[in-house]
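Colleague: quick one, what's the 3D model for this:
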Amino acid sequence: MSLSPSPVLTEHLTRLSDALRRTIARRRPWFELIDVSAFSRPDSLSGAISRTRKNVSYFRVNYLSILALVLAASLLSHPLSLFALVSLIAAWLVLYLLRPAEQPLVLFNRTFSDLETMWSLIGLTIFVVFLTDIGSLLISSVLIGIGIVCLHGVFRDPEDLFLDDQDLAGSGMFSIISGSSVPPTTTPAVVSHV
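Modeller: Residues are numbered from 1 along each chain as shown. I've put the predicted structure just below:
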């Protein structure tokens, strides 16, 4: 068995790293994010919602960085949960996602189909995430991160920000993940085990 990466995997990793570079390039300066002179109390609830929408549109990469930082700090403070989560991700990668489609999984002299492998990994994921403290750790970390983002979004006055119509069109927090503002350059290749 060779350990060289397949061309499809190499292409996916290249596209992923390019998308990550484009996303990081859209990050706003951190000093602009924490400019104390731009903080004020909103006049009304509708003003707070409007501020939050504009700030999320403008600072979305920074906000996702804050969420990732809170999640990483939470996982690093619970090393057993981090180990279990990394092990679960490694199991998905090795046993399902990175395994060649034509090569069946053989464990303990038994051959497993792709469907059996997938359902076993789903069961393992449910057990690890929901029946251990990892699920509550992940949910609480994400909620703390969202709370920080919402507080900043409400109290940061976006009047000094330069928002164009294109920024407001793709104003969802996760629009950078879907790539709604960046047209695809090539047709993506779809690889599936199912």
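
Colleague: residue ranges in this structure under the pLDDT threshold?
Modeller: Low-confidence segments of the chain, defined by pLDDT under 70, span residues 1-6, 8-9, 162-194.

Colleague: longest single helix anywhere in it?
Modeller: Counting residues, the longest helix in the chain under DSSP state H turns out to be helix 45-76.

Colleague: who are the packing partners of that helix?
Modeller: Helices and strands touching helix 45-76, by 3 or more Cβ pairs under 8 Å, 6 or more residues apart in numbering; DSSP states H and E, are helix 30-33, helix 79-92, helix 134-155, helix 165-169, helix 175-178. For glycine as for every other residue, the C-beta is placed from the backbone atoms N, C-alpha and C.

Colleague: quick one: residues in contact with the first one.
Modeller: Taking Cβ atoms under 8 Å, 6 or more residues apart in numbering as the criterion, the residues outside helix 30-33 that touch it are Phe59, Asn62, His152, Arg156, Leu161.

Colleague: thinking again about what came up before, ok now the longest helix of the chain, how far from the chain's centre?
Modeller: Going by Cα atoms, centre = their mean, to the nearest Å, the spacing between the C-alpha centre of helix 45-76 and its chain's C-alpha centre is 13 Å.

Colleague: that one versus helix 134-155: what angle between them?
Modeller: Orientation note: helix 45-76 sits at an angle of 140 degrees relative to helix 134-155 (axes from the mean of the first three to the mean of the last three Cα atoms, to 10 degrees).

Colleague: quick one on the thing from earlier: between the contacts of helix 30-33, which is closest to His12?
Modeller: Distance from His12 was checked for each of the contacts of helix 30-33 by Cβ to Cβ. The minimum falls on Asn62, at 26.6 Å.
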